[in-house]
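Provide a 3D model corresponding to the input given below.
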Amino acid sequence: MPNLEAPEQQEDGRNLPGPAEPHHAATPLVSRAKAEQRERTQDQAPPVARFYLAVSRIRSFVWRLIEEEAAHGRAILFAPIYMGLGAILWFKADIDPPPQTVLAALLVLAGSFLFRREAGRVLRHVLFAGMLVCLGMALAQWESWRASTVMLDSAVTTTVTGRIERRESYDNGGWRYVVKVDKTEKPAIRRPPERVTIFVRKQAEPFNLGDRIQGKARLTPPAGPALPDLNDFAFSSYFNGIGANGFAFGKPTLLSPASDVAADSVLDKADIWLAGLRNSIGDRIRRTLPGDTGAFAASLVTDERRALSDETTEALRMAGLTHIIAISGLNMALSAGIFYIGLRYLFSLFPGMAQAWPTKKIAAFGALVTLTAYYLISGFGVSAERAFIMMAIMLVAVLFDRPSISLRNVALSAIVILSLSPSQVLGPSFQMSYAATLALVSGYTLWKRRQHRENILSRSRLLSPLLFVTRFFGSILSTSFIGGASTAIFSIEHFHRLATYGLAANLAAMPIVSFVVMPFGMAAMLLMPFGLDGPFWQITGEGLELVIAIAKTVAGWGGDITFGRQPAWLMPTFITGFLLMTMLRTSVRHVGLLLLLSSLGVAAFGSGVPKPDLMISEDGVLVALRQDDILATNRERPQAFIFEQWQRALVASEHQPPTILPVDSRLPQISKTDHRRRLSVEEQGAVRKAMDEALDQAMQGSFACQKGAWCVAMLENGAMLVTIEDAAYLSPACDTANIVVTPVRLRLDRCRSGAMLFTGATLRQTGSIEMDLSTDKPNVVTAFENPQRPWARHRTYDWRTGTFGAPIVRASPVSDNGE
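Below is the predicted model:
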């Protein structure tokens, strides 16, 4: 088509005189006529031809958008996405993918990508994506091999001897220690974990790092999912190197102080020294600022959050301010930014130095040193590591005269983190942090590309302070809204809750954090070696008290909405839409917006996944029945750790405790030490009769319990449920009920009567269980179908044979006389 912007030039390049213009002016009319003729011909074509023609047009349009998007050169932005996808595929697989297959696929795809340069752009991108997906899977396999954490297979009470590597204080005076185990005895664990966490109650003087201690403790394996598809805490424990959790009976004995214990290596000595420095800083802050204020300040520096009271922690969570207590991008950005801006302002006071030296790069290097020191003191937490890498890349970009805030820097930091620890991709901290960062950087990029318009107000000196305040609060409002909106679905997915008043809380609290807490806290840290930090900590404490007051005020408004479990497709749909919207530059990003909004709409107004009627914890201790928003349990005081997860996942706000029956003298009394007692035929008959009578006293869908012995409940489908505390009650329970649950590890997995039997042994392998009782045959869903992954294999360990994967020992069904 001729160039309409230069009608005086023909297609062959010759210039024509003026009279030739009418000939050119008629050309668009001829083209328009031809287009109209072509449209009429298409309208007269058969329907099939018109359909193929429409598909061809759509394909051409999509291809043109792809070509336009590829022209922007943003393939590097998708590198961490493909790596993370590969890691997710590896972690979510039922069994370990064969390493040789993953490596072979990686080499083939990498070779094809590097040497098939003549391939088309689309094919090369497919090879690029496949290569990085395989790379993510290989990195996940390597991290699993590198961790190789030995997980405790079953709960045990034993005497632990080991060396303290970490410690953290609680608000109730207790201390949590990470102990490197030297040995266990009475009994000796045949497959002991290398590291365990032990909680010691009411300890005025804590042990020092490096101390060698010995004490009796109750150790349990890391918790699995409270319900199928919920968070598996054993996964994070495996990659953190923690093989068991427990508590001490009394105060452990100090065998030898840290000075007498030789470290394994120079790195261990440096690690202990850094941990000791971190603890001393935290102790000094808490002595200067007692209570929640001191615990809050210490968490900003050392990442020790357990010293905060439950009330304050819950208020911060309901107000959407928990990101302040986590050493994340906010803390790192404020600390580095304050130092960077302050140093540049200091250099500006000396014009000669500012002109002779690259003060911008010097300030960036100083901020990088400060940032590194902050990271070392913070204790190498996951969120701190991620924030440090992101901020370090941005400061290094300043040193090389590159844009510090860009999507490429965000992608580069994600590549580094996924290369070091790909398991983080499944954690809420990683997902929420990068979602907020992507949204903010993308929004900042759009803001920079806007058309800048000056107005008369910006030129007025009298109104400049007002404009500064307006812009400041406007930036807080926009960043809080963007950050909150981008992380909302992740909060719903992982925590089943959403703080709706987080925007108001952040708008009120962030100026205090930015202008009072962080600047004076940094000054206090710099002056701490000289003993001049006290006044600055006091000012910091005043600011934190205001933040706590804001959190409690906003939390009092309510607004903490609970969401149940969401459909499996929701998160992938949201993430796809979010990535399209934040990372693309063509009109394709509007498709991402539609996906994102539809995902949020389903989460807000959808019914979620179907809710179970019966829940059993993985240890068999806690059993619950659900009716609407009521959870009836077999415990007066259910385990808060499990029960609160059930409440949030099932949107059940009310708890109905069991009816405790009076002690019946006709029933046999079994002591806790008499584990092998068998009931006589007469005693079994008395227990069966008592269970039937108790069922009449139990409300529909609730439990009636003989305390310390058994509980009964009538289900909606007419079936009977019995939970027993001792194996002696197994025979009458099997004869009476349709479903029997016990935490005792029996060698049986079924009742002779045909009743369903869930024991401590079976639940050890299946994990928590949920049932749908709306049908004739209950639909049973387990947390684990085949626990063969590295962080779940301990569930199948048989200490008698020392092997994994041993099936449950099956014996004959229990008979009427209990034999």
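
So which elements touch the host helix or strand of residue 54?
Residue 54 belongs to helix 47-70 when elements are defined using DSSP states H and E. Identification of packing neighbours for helix 47-70 by 3 or more CB pairs under 8 Å, 6 or more residues apart in numbering; DSSP states H and E yields helix 27-43, helix 121-147. C-betas here are computed from N, CA, C, even on glycine.

Ranked by average pLDDT, which of those helices falls at the bottom?
Ranked by mean pLDDT, those end with helix 27-43 at the bottom, a mean of 57.

need the longest strand for this protein.
Under DSSP state E, the strand in the chain containing the largest number of residues is strand 156-169.

Now do the buried residues in it.
By neighbour count, with 16 or more other CB atoms under 10 Å as the criterion, the buried positions of strand 156-169 are 156, 158-169.

Just flag the most distant two among the residues you listed.
Farthest apart among the buried residues of strand 156-169 by CB to CB are 156 and 169. That separation is 26.6 Å.

give me every residue that touches residue 514.
For residue 514, the set of contacting residues under the criterion of CB atoms under 8 Å, 6 or more residues apart in numbering consists of residue 334.

any idea how far it is from residue 488?
Distance from residue 514 to residue 488, counting by CB to CB, to the nearest Å: 23 Å.

Ok, residue 473 next?
In this structure, residue 473 and residue 488 are 22 Å apart, going by CB to CB.

So between these two, which is more surrounded?
Neighbour tally, residue 473 and residue 488, criterion other CB atoms under 10 Å: the higher count belongs to residue 488, 21 against 13.

and that one, what helix or strand is that in?
helix 464-495.

Return the set of buried residues in that helix.
Along helix 464-495, the positions that meet the burial threshold by neighbour count (16+ other CB under 10 Å) are 476, 479-484, 486-495.

cool, stretch 497-510 as well?
498, 499, 501, 502, 503, 504, 505, 506, 508, 509, 510.

likewise stretch 63-77?
The neighbour-count check on stretch 63-77 (16+ other CB under 10 Å) flags 69, 77 as buried.

Average pLDDT for it, rounded please.
Stretch 63-77 comes out at a mean pLDDT of 74.

Stretch 107-117 now?
Summarised as a single mean, pLDDT over stretch 107-117 is 90.

begin at 216 from here
Sure thing, new numbering starts at 216, so read that last one as stretch 322-332.

Other residues contacting that stretch?
Counting contacts by CB under 8 Å, 6+ apart, the residues outside stretch 322-332 that touch it are 334, 338, 339, 342, 343, 345, 346, 349.

tell me, how many neighbours does the third one end up with?
Other residues near residue 339 come to 17 when the count uses other CB under 10 Å.

which non-adjacent residue is nearest it?
On the basis of CB to CB, 6 or more residues apart in numbering, the spatially nearest residue to residue 339 that is not a chain neighbour turns out to be residue 328, at 6.5 Å.

The one you found is in what secondary structure piece?
Residue-wise, residue 328 maps onto helix 314-330 under DSSP H and E.

so that helix versus helix 336-362, what angle?
140 degrees (axes from the mean of the first three to the mean of the last three CA atoms, to 10 degrees).

Quick one: residues contacting the residue nearest to residue 709 when sequence neighbours are not counted.
In this structure, residue 709 finds its nearest non-sequential neighbour in residue 643, 4.0 Å apart by CB to CB, 6+ apart. Under the criterion of CB under 8 Å, 6+ apart, the contact list for residue 643 reads 705, 706, 708, 709, 710.

before we move on, what about residue 658?
Applying CB under 8 Å, 6+ apart, we find residue 658 in contact with 693, 697.

please redo it, this time with the cut-off set to 7 Å
Residue 658 makes contacts with residue 697, as judged by CB atoms under 7 Å, 6 or more residues apart in numbering.

Return the distance of whichever helix or strand it is part of from the chain's centre.
Counting by DSSP H and E, the element that carries residue 658 is helix 643-663. Its chain's C-alpha centre and that of helix 643-663 lie 17 Å apart, by CA atoms, centre = their mean, to the nearest Å.

Straight-line length of stretch 819-838, end to end?
Stretch 819-838 has its terminal residues 29 Å apart, counting by CA to CA, to the nearest Å.

Can you tell me what sits against it?
Contacting residues not belonging to stretch 819-838 are listed as 439, 442, 779-782, 839-841, 848-850, 853-854, 857-858, 861, 865, 931, 938, 956-958, 973-975, 978, 982-989, 998 [CB under 7 Å, 6+ apart].

Try it again at 6 Å.
Stretch 819-838 has contacts (CB atoms under 6 Å, 6 or more residues apart in numbering) with 439, 779-782, 839-841, 849-850, 853-854, 857, 861, 865, 938, 956-958, 973, 975, 978, 982-988.

Stretch 438-445 too?
Judged by CB under 6 Å, 6+ apart, the contacts made with stretch 438-445 from elsewhere in the structure are 447, 448, 449, 833, 857, 860, 864, 982, 983, 985, 996, 998.

Just the buried residues of those residues.
The neighbour-count criterion (16+ other CB under 10 Å) marks 447, 448, 449, 833, 857, 860, 864, 982, 983, 985, 998 among the contacts of stretch 438-445 as buried.

okay, these in TSV with secondary structure and pLDDT next?
What follows is these, written out as TSV (DSSP: H, G, I helix; E, B strand; the rest coil; pLDDT from 0 to 100):
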residue	secondary structure	pLDDT
447	coil	94
448	helix	94
449	helix	95
833	coil	94
857	helix	95
860	helix	94
864	helix	92
982	coil	94
983	coil	95
985	strand	95
998	coil	94
